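Student: No sequence on hand, only this structure:
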Ligand code: NAD
């Protein structure tokens, strides 16, 4: 399966399905119908069935989906069936918070290396991770066999850092800087723009009054 043959919204919903299925598994639920899954996520059951069909044939007529096997399968599809090592660039307020966040390993991610350019930060530890200079990035990607990066640098530095990550052979970047990155097509980029999300929330609140 090539990721570009699956619409992005369907891939996004896969994470939603996984969260819900993990909850159901924890509650001891063995099987779930597409309707039950859809209702709990405020989607239509046709949508759920269509989305999952992009990735394989999972349900059984009259039975629905077996919860635990589907959790395993969705984790495998998302590449989170093992803990993936991730590099962080930019250890400021946000970077430190991300390094201290303990929830990532449960979701299949671990920040194993962190880089900055501020001399007063190099060599310091945040949790179990020592901050290194960005010039050592290439070595670390090879050392830890890393293919995913989180960027928490200021907007003016984002493109330059992205270029360095791409040159070093990164496969994907999660970008927190409010800036659009220019990267080769083979590098996946996801941007988290909290201010834009707040604008969307503001619009929703505003128009519901
Ligand atoms: P910050 O200024 O506290 O930290 C930025 C860090 O990046 C600093 O440690 C700095 O030394 C480092 N840096 C600068 N240039 C670099 C380079 N070329 N290579 C490596 N490191 C470099 O900023 P922050 O508040 O942590 O925010 C980081 C990014 O995330 C910003 O783009 C910001 O707009 C965005 N953001 C932050 C928040 C938040 O809640 N803090 C929320 C949304 C988005």
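Tutor: Ah, there it is. All of these numbers come straight from a predicted model, not from anything done at the bench.
Student: Can you give me every residue that contacts the residue in the chain that the ligand sits nearest to?
Tutor: Proximity of the chain to the ligand (CB to the nearest ligand atom) peaks at residue 92, 1.6 Å away. Placement of C-beta: from N, CA and C, glycine included. Residue 92 makes contact with 116, 152, 153, 154, according to CB atoms under 8 Å, 6 or more residues apart in numbering.
Student: Pull the contacting residues for the last one.
Tutor: Spelled out, it's residue 154. If you count contacts by CB under 8 Å, 6+ apart, then residue 154 has 90, 92, 177 around it.
Student: do the same with the third one
Tutor: Contacts for residue 153 were tallied using CB under 8 Å, 6+ apart; they are 89, 90, 92, 161, 177.
Student: Backbone dihedrals for the third one, please?
Tutor: The main-chain torsion angles of residue 92 are listed as degrees, to the nearest 10 and equal phi -90, psi -150.
Student: one step back: quick check, nearest of the contacts of residue 92 to residue 167?
Tutor: Within those, the smallest distance to residue 167 is 16.0 Å, found for residue 153 (CB to CB).
Student: Spatially nearest residue to the closest one, not counting backbone neighbours?
Tutor: Using CB to CB, 6 or more residues apart in numbering and skipping residues adjacent in sequence, the residue nearest residue 153 is residue 90, 3.7 Å away.
Student: need the residues of this protein near the ligand, please.
Tutor: Selection of the chain residues close to the ligand by CB under 6 Å from any ligand atom yields 89-95, 115-118, 121, 134, 152-155, 157, 160-161, 176-178, 194.
Student: try 8 Å this time
Tutor: Contact residues, the chain versus the ligand (CB under 8 Å from any ligand atom): 89-97, 115-118, 121, 134, 151-158, 160-161, 176-179, 192-195.
Student: follow-up on the earlier one: what is the nearest of the contacts of residue 92 to residue 138?
Tutor: Nearest to residue 138, judged by CB to CB, of the contacts of residue 92 is residue 116 at 15.8 Å.
Student: so what's that closest one bridging to?
Tutor: residue 133 (DSSP bridges).
Student: quick one: it from residue 60, how far?
Tutor: Computed as CB to CB, to the nearest Å, the residue 116 to residue 60 distance reads 51 Å.
Student: Looking at the residue nearest to residue 153 now. What's its pLDDT?
Tutor: What the model reports for residue 90 is a pLDDT of 98.
Student: circling back: and the contacts of residue 92, which of them are in helices?
Tutor: Judged by DSSP state H, the contacts of residue 92 include no members of helices.
Student: between the residues you listed, which is closest to residue 129?
Tutor: residue 116 (11.4 Å).
Student: For that closest one, grab the count of nearby residues.
Tutor: Neighbours of residue 116 under the rule other CB atoms under 10 Å: 21.
Student: Relative to residue 123, how far out is it?
Tutor: Applying CB to CB, the value for residue 116 to residue 123 is 10 Å.
Student: any residues in contact with both of these two?
Tutor: Common neighbours of residue 116 and residue 123 (CB under 8 Å, 6+ apart) are residue 131.
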